[in-house]
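Trainee: sequence? don't have it. structure:
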């Protein structure tokens, strides 16, 4: 993902920790250092994301009026069905039969 954002020459510079040549104009070397730092941070972030596991949180809205203790059963059942939660719970129960009620 990160590799697609930058050219091959930039990736080679990042791999060898070489600094890119200074930019001519306003900011000069300072601008080049900032860009290099941002690229390195993006690369580190990409590595972190690639090494992580994805977890999903599904929120069910109990009613349209945003009032406590009010539950619209039909609306909630539809949300559960559309989010695929029934299938996910069924699969989880089959896989982890000993740890789920």
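Mentor: Looks like it arrived, so ask away. Computed from a prediction, not measured in an experiment: that's the story for all the values here.
Trainee: quick one: buried residues of the longest helix along the chain?
Mentor: Longest helix of the chain, by residue count under DSSP state H: helix 28-50. Neighbour-count burial for helix 28-50, counted by 16 or more other Cβ atoms under 10 Å, picks out 32, 36, 39, 43. All C-beta spots, glycine's among them, are computed from the backbone N, C-alpha and C.
Trainee: and those, which two are the farthest apart?
Mentor: Farthest-apart pair in these is 32 and 43; separation 16.6 Å (Cβ to Cβ).
Trainee: Just the buried residues of the helix or strand just after the longest helix of the chain, please?
Mentor: Where DSSP states H and E defines the elements, the next helix or strand beyond helix 28-50 is helix 73-82. Across helix 73-82, burial judged by 16+ other Cβ under 10 Å covers residue 79.
Trainee: thinking again about what came up before, pLDDT-wise, what's the bottom of the buried residues of helix 28-50?
Mentor: Within the buried residues of helix 28-50, pLDDT reaches its minimum at residue 32, with 87.
Trainee: Can you tell me how far that one is from residue 38?
Mentor: 11 Å (Cβ to Cβ, to the nearest Å).
Trainee: returning to what we had before: elements contacting the longest helix of the chain?
Mentor: Judged by 3 or more Cβ pairs under 8 Å, 6 or more residues apart in numbering; DSSP states H and E, helix 28-50 is in contact with helix 2-5, helix 8-15.
Trainee: What pLDDT is listed against residue 99?
Mentor: 60.
Trainee: From residue 40, how far out is residue 33?
Mentor: Distance from residue 33 to residue 40, by Cβ to Cβ: 11 Å.
Trainee: pLDDT score assigned to residue 47?
Mentor: At residue 47, pLDDT is 91.
Trainee: And it, how far from residue 54?
Mentor: Taken as Cβ to Cβ, the span from residue 47 to residue 54 is 16 Å.
Trainee: again, but for residue 88
Mentor: 14 Å.
Trainee: neighbour-wise, which of these two wins?
Mentor: For residue 88 versus residue 54, the count of surrounding residues by other Cβ atoms under 10 Å is larger for residue 88: 13 against 5.
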